[in-house]
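Colleague: Okay, sequence plus prediction incoming.
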Amino acid sequence: MKKTLLILGALALVTAAQADDATHKLTKLWESEAALKTPESVRFDAKRKVLYVSNIDGEPWAADGKGSIAKVGLDGKVIAAEWVTGLDCPKGLALSDDGKWLYAADAGGIVVIDVDAGRISKKIAIPDTLQLNDLVNDQGTLYVSDSKGRKVYQVKDGKPSVYLDEKVLKGPNGLFVHKGALYVLDNDSLNRVEKDRSLKVLASGMQGGVDGLENVKGDDFVVSAWGGAVWYVPASGDKQLVFDGKAADTKTADTGWDPATRTLYVPTFFRNTVIAFKVD
């Protein structure tokens, strides 16, 4: 009996390894018209069946009032290139649990948008920040990365505090919460934040400015690098390059994800489009 259990255990390990070693791919579904304005981040709204896209428009980090949020259909048609205006240089986007509020990381803090009204409700100031970038909502608690400031802030009940700092971070960007743990893209790596707030490196060597982070299955992730690459990172950490846009100068910024259809939405920055890919 013991021998049988050992054999079954070995077979299970082999099966898991084979699953990790499976070849993954992206299949292009559509690309929107080039009506967006330096799109940086996409957020999928399952309730309303639309995409929200942050438009930097002006300088990447300037408080110039040129930024906006676009609304795009799931067929790639741009519903409104400037659905909400009055932002500066918006980047990461997140929805509240009830879908009522859309949060945008912007110069100096987080802009809170009333989705039904299609207007800015307020701004949560985060003093002394340098380059607020990605944003994630975890049951009402927000986390936002400051790439140049080498920090991740936690915003709870509207009050910001430093959650991670330069002691462990080199240049954080993409954030995700999975199974109660915060994941962060930092430098060229994917990391899980441990209970003592140290970082456990899960995969590294993803050059070009790691940007978007999505959990796509189990403990598998998809990581985009702004320079023009999308990586599939299985639980084993053996990353696979599934999209290379560098030859065509296609940037791959902060992604959005529809888990029901396994669709990855990739903003192309200077191309002013969003590309939809099926993830296999």
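Modeller: Everything's here; your move.

Colleague: and residue 192, what does it touch?
Modeller: If you count contacts by C-beta atoms under 8 Å, 6 or more residues apart in numbering, residue 192 has them with 181, 182, 183, 199, 200, 202. Just so you know, the C-beta spots here come from the backbone N, C-alpha and C atoms, and that holds for glycine as well.

Colleague: repeat for residue 279
Modeller: Contacts of residue 279 by C-beta under 8 Å, 6+ apart are 24, 26, 216, 222, 232, 242, 262, 263, 264.

Colleague: got the residues you listed as CSV, with secondary structure and neighbour count columns?
Modeller: Formatted as CSV, the contacts of residue 279 follow (DSSP: H, G, I helix; E, B strand; the rest coil; neighbours: other C-beta atoms under 10 Å):
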residue, secondary structure, neighbour count
24, coil, 17
26, strand, 18
216, strand, 17
222, strand, 24
232, strand, 23
242, strand, 19
262, coil, 13
263, strand, 19
264, strand, 27
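
Colleague: what's the residue closest to the geometric middle of the chain?
Modeller: Nearest to the mean C-alpha position of the chain, counting by C-alpha atoms, centre = their mean, stands residue 212 at 3.5 Å.

Colleague: Return the set of buried residues in the helix or strand hosting that one.
Modeller: In this structure, residue 212 is located in strand 210-217 according to DSSP states H and E. Buried residues in strand 210-217, defined by neighbour count with 16 or more other C-beta atoms under 10 Å: 210, 211, 212, 213, 214, 215, 216.

Colleague: Same check on stretch 224-233?
Modeller: Using 16+ other C-beta under 10 Å as the test for burial, stretch 224-233 gives 224, 225, 226, 227, 228, 229, 230, 231, 232, 233.

Colleague: any chance of the contacts of residue 279 in CSV, plus distance to residue 103 and pLDDT?
Modeller: Formatted as CSV, the contacts of residue 279 follow (distance: C-beta to C-beta, whole Å; pLDDT from 0 to 100):
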residue, distance to residue 103, pLDDT
24, 30, 97
26, 27, 98
216, 22, 98
222, 22, 98
232, 27, 98
242, 29, 98
262, 25, 98
263, 22, 98
264, 21, 98
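
Colleague: can you put the residues you listed in CSV and add distance to residue 206?
Modeller: Below are those laid out as CSV (distance: C-beta to C-beta, whole Å):
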residue, distance to residue 206
24, 15
26, 15
216, 16
222, 11
232, 11
242, 12
262, 21
263, 22
264, 16
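
Colleague: and the strand ranked longest in the chain, what's its mean pLDDT?
Modeller: Assignment by DSSP state E gives strand 78-87 as the longest strand of the chain. When pLDDT is averaged along strand 78-87, the result is 98.

Colleague: Could you list the paired strands of that strand along with their orientation?
Modeller: strand 67-73 (antiparallel) (DSSP bridges).

Colleague: Alpha carbons only: can I get the partner strand in CSV?
Modeller: What follows is strand 67-73, C-alpha atoms only, in CSV (Å, rounded to 0.1, in the frame of the first residue of the first chain):
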residue,chain,number,x,y,z
GLY,A,67,-5.8,63.2,-18.5
SER,A,68,-9.1,61.4,-18.9
ILE,A,69,-10.9,58.1,-18.7
ALA,A,70,-12.3,56.4,-21.9
LYS,A,71,-15.1,53.9,-22.2
VAL,A,72,-14.6,51.1,-24.7
GLY,A,73,-17.1,48.3,-25.7
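
Colleague: That one: which residues count as buried?
Modeller: Within strand 67-73, the residues that count as buried by 16+ other C-beta under 10 Å are 67, 68, 69, 70, 71, 72.

Colleague: So what sits opposite the closest residue to the last one other than its chain neighbours in the bridge?
Modeller: For residue 72, ignoring the flanking residues on the chain, the nearest one in space by C-beta to C-beta, 6 or more residues apart in numbering is residue 51 at 4.3 Å. Each beta-bridge partner of residue 51 is listed here: residue 44, residue 72, as defined by DSSP bridges.
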